[in-house]
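K.L.:
following is a predicted model, sequence given first.
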Amino acid sequence: MSISPKCKYFIQTYGCQMNTADSERLSGLLEGLGLSAAESWSEAAVVVLYSCSVRQAAEDKVFGWGKKIKEFNEANDQMINGSKDQKDISIYHSAGFPTRADRGQAERPFPLFILTGCMAGSARGERKRFSEKELKHKASFIDYILGPSEWEQLLPSILVREGLVSPERIAALSYQPKRKVGQTAFVNISEGCDNFCSYCVVPYGRGKEISRSKNEILAEARHLVEQGFHHLTLLGQNVNSWGITDPEHKRNIRINSDTALPFASLLREIHEINGIERLSFLTANPFDFTRDMVQALALPKVDRYLHMAVQSGSDTVLDRMNRRHTIAEYRKLIASIRKSVPDIELGTDIIVGFPGETEEEFSETLRLISDIRYNVVFTAMYSPRPGTSAATKYADDVPKAVKKERYARVQDFLAQQLG
Ligand code: SF4
């Protein structure tokens, strides 16, 4: 088997900063294996789709690749061998993947398609929302589905097995995320989420919350400073719960309480590293934002922009969303943040048309937006995600026209307020 030294990869990333940060790591891994970045997917030997499941439209973008690939395959008769001689990669077998030969595709056109991210995690993790078979049926062009916590371990062997990377490369593999110098450097501090907000796919797509060790994070932060990065963004689905291993303790932490948070201590330690000029984090939620975090926000290098999703201004809607705080508690939190950091800018996310949202509940959201005077508000119309508890428990009973009208009213309101 001869392996082309010019083997190229292409990554298409959808969704949040977490996926962007993971894609930087994935680029680093692929380049560590000897591949180089392609300008476009059609010149790549390996295409990785880093998927998002937050809305149906995001998943439809992945399904839309079927048409593109069909056109590509019709126009391109480049073929590769089936790499039958690589059948002894045990990790690959233990993961239960069929080979190309097993699939009756000893010869097939480039490129090899890998699906990862939240759609893949939703089909392969412990907390499945749909089966892998279902996903493969809808996206038959995909060769491998690897959850976001799997690709790092499995992808190198798969590429060897598919004849795209030489086995010696794995033994010599060492890599760093491929970041763009001059911009903020993303540092993953945790993966997954255990909060189960009722509308959200993340606990399924990304699995259980697992925190990276403090030593690893600090070492990465110092290394990044040496490489010339002075603005770091710490990433987790809910950064406030970083480092908390006891699930009961995690569930019982409450907004505005006196609970000391390991994440606040981590912020303080990273803040002390010489060379760091600005420190941001994504995403914090109100329900476990304690006084310790309010104090940490006042550290001089911590970013003066805080993005924290509130989702609704109504207690009853928040309860249906399983958000574990009231609006009175949230208002108190915002007041204490503003007292502690008077120049803070605030951003939030709002969902309109959540199941059962009445006109009165929606007006409470407008009232909240009016009172808080956010600097940034991202608004989304609720879309049920199969497998989540909101989709199972509640009918999607706010008509689309009403969702659109409420969305437009938020936009008009913000335009008046910000303009
Ligand atoms: S905190 Fe809630 S909204 Fe955020 S990722 Fe976890 S379940 Fe989703």
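P.N.:
Looks like it came in fine.
K.L.:
next one: the closest residue to residue 140 other than its chain neighbours from the ligand, what distance?
P.N.:
Leaving aside its chain neighbours, residue 140 sits nearest to residue 66 (7.1 Å; criterion: C-beta to C-beta, 6 or more residues apart in numbering). All C-beta spots, glycine's among them, are computed from the backbone N, C-alpha and C. Noted for residue 66: a distance of 28 Å to the ligand, by C-beta to the nearest ligand atom, to the nearest Å.
K.L.:
quick check: residue 66 vs residue 145, distance?
P.N.:
15 Å (C-beta to C-beta, to the nearest Å).
K.L.:
so residue 347, which state does it fall into?
P.N.:
strand (DSSP: H, G, I helix; E, B strand; the rest coil).
K.L.:
contacting residues for the nearest residue to it once chain neighbours are set aside?
P.N.:
Sequence neighbours aside, residue 376 is the residue nearest to residue 347 in space, at 3.6 Å (criterion: C-beta to C-beta, 6+ apart). Listed by C-beta atoms under 8 Å, 6 or more residues apart in numbering, the contact set of residue 376 reads 305, 307, 345-348.
K.L.:
repeat that for residue 353.
P.N.:
381-382, 398, 402-403, 406-407.
K.L.:
same thing but at 6 Å, please
P.N.:
Neighbour list for residue 353: 381-382, 398, 403, 406 [criterion: C-beta atoms under 6 Å, 6 or more residues apart in numbering].
K.L.:
apart from its chain neighbours, what residue comes closest to it?
P.N.:
residue 403 (3.4 Å).
K.L.:
give me the buried positions along the helix or strand containing the one you found.
P.N.:
Mapping residue 403 onto the secondary structure by DSSP states H and E places it in helix 400-418. By neighbour count with 16 or more other C-beta atoms under 10 Å, helix 400-418 contains the buried residues 402-403, 406-407, 409-410, 414.
K.L.:
picking that back up, who has more neighbours out of residue 66 and residue 145?
P.N.:
Higher neighbour count among residue 66 and residue 145: residue 145, with 22 against 14, using other C-beta atoms under 10 Å.
K.L.:
surely the more buried one is in contact with residue 119?
P.N.:
No. In this structure residue 145 lies outside contact range of residue 119 using C-beta atoms under 6 Å: 8.2 Å.
K.L.:
which bits of the stretch 201-350 of the chain sit near the ligand?
P.N.:
Proximity of the stretch 201-350 of the chain to the ligand (C-beta under 6 Å from any ligand atom) is limited to residues 202-203, 237-238, 285.
K.L.:
could you rerun that using 5 Å?
P.N.:
202, 237-238 (C-beta under 5 Å from any ligand atom).
K.L.:
for those residues, pick the one with the most neighbours.
P.N.:
residue 202 (26 neighbours).
K.L.:
thought that one was touching residue 194?
P.N.:
No. Residue 202 is beyond contact range of residue 194, at 10.0 Å (criterion: C-beta under 6 Å).
K.L.:
pLDDT weak spots in the chain?
P.N.:
For the chain, the stretches with pLDDT under 70 are 1-6, 72-110, 181-182, 419.
K.L.:
what's the neighbour count on residue 251?
P.N.:
Neighbour number of residue 251 under other C-beta under 10 Å is 15.
K.L.:
helix or strand for it, which one?
P.N.:
helix 247-252.
K.L.:
pull the CA atoms of the following helix or strand past that helix into PDB?
P.N.:
Counting by DSSP H and E, the next helix or strand C-terminal to helix 247-252 is helix 262-271. Only the C-alpha atoms of helix 262-271 are listed here, as PDB (Å, rounded to 0.1, in the frame of the first residue of the first chain):
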ATOM      1  CA  PRO A 262     -13.600  25.500  42.100                       C
ATOM      2  CA  PHE A 263     -14.000  27.400  38.900                       C
ATOM      3  CA  ALA A 264     -13.700  30.800  40.600                       C
ATOM      4  CA  SER A 265     -10.400  29.500  42.200                       C
ATOM      5  CA  LEU A 266      -9.300  28.400  38.700                       C
ATOM      6  CA  LEU A 267     -10.000  31.800  37.300                       C
ATOM      7  CA  ARG A 268      -7.900  33.400  40.100                       C
ATOM      8  CA  GLU A 269      -5.000  31.000  39.400                       C
ATOM      9  CA  ILE A 270      -5.000  31.600  35.600                       C
ATOM     10  CA  HIS A 271      -5.300  35.300  36.300                       C
END
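K.L.:
flag every buried residue along helix 262-271.
P.N.:
262-264, 266-267, 270.
K.L.:
and for stretch 189-207?
P.N.:
So, applying 16+ other C-beta under 10 Å, buried residues of stretch 189-207: 189-195, 197-207.
K.L.:
ok, now stretch 380-396?
P.N.:
380-385, 387-391, 394, 396.
K.L.:
widest-spaced pair of the contacts of residue 353?
P.N.:
Greatest spatial distance among the contacts of residue 353 (C-beta to C-beta): 382 and 406, at 9.8 Å.
K.L.:
so residue 123 makes contact with residue 133?
P.N.:
No. Here residue 123 does not reach residue 133: they are 8.6 Å apart, not a contact under C-beta under 6 Å.
K.L.:
which one's more surrounded, the two?
P.N.:
It is residue 123, of residue 123 and residue 133, that has more neighbours when counted by other C-beta under 10 Å, with 21 against 9.
K.L.:
what strand or helix carries the more buried one?
P.N.:
helix 118-124.
K.L.:
so which of the buried residues of stretch 380-396 belong to strands?
P.N.:
380-381 (DSSP state E).
K.L.:
among the buried residues of stretch 380-396, which ones are in helices?
P.N.:
389-391 (DSSP state H).
K.L.:
any idea how far stretch 257-276 is from the chain center?
P.N.:
Once both centres are worked out by C-alpha atoms, centre = their mean, to the nearest Å, stretch 257-276 turns out to sit 23 Å from its chain's centre.
K.L.:
show the end-to-end separation of that stretch, please.
P.N.:
This stretch, stretch 257-276, spans 29 Å end to end (C-alpha to C-alpha, to the nearest Å).
K.L.:
any chance of the ones in helices among the buried residues of stretch 380-396 in TSV, plus distance to the ligand?
P.N.:
Formatted as TSV, these follow (distance: C-beta to the nearest ligand atom, whole Å):
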residue	distance to the ligand
389	10
390	11
391	14
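K.L.:
which of the residues you listed sits closest to residue 330?
P.N.:
residue 390 (20.1 Å).
K.L.:
buried residues in the helix or strand hosting residue 280?
P.N.:
Using DSSP H and E, residue 280 maps to strand 278-282. For strand 278-282, a neighbour-count test (16+ other C-beta under 10 Å) marks 279-282 as buried.
K.L.:
now do the next helix or strand after it: everything it contacts.
P.N.:
Next helix or strand after strand 278-282 toward the C-terminus (DSSP H and E): helix 291-297. Outside of helix 291-297, the residues within contact range by C-beta under 6 Å, 6+ apart are 258, 260-261, 264, 267, 336-337, 340-341.
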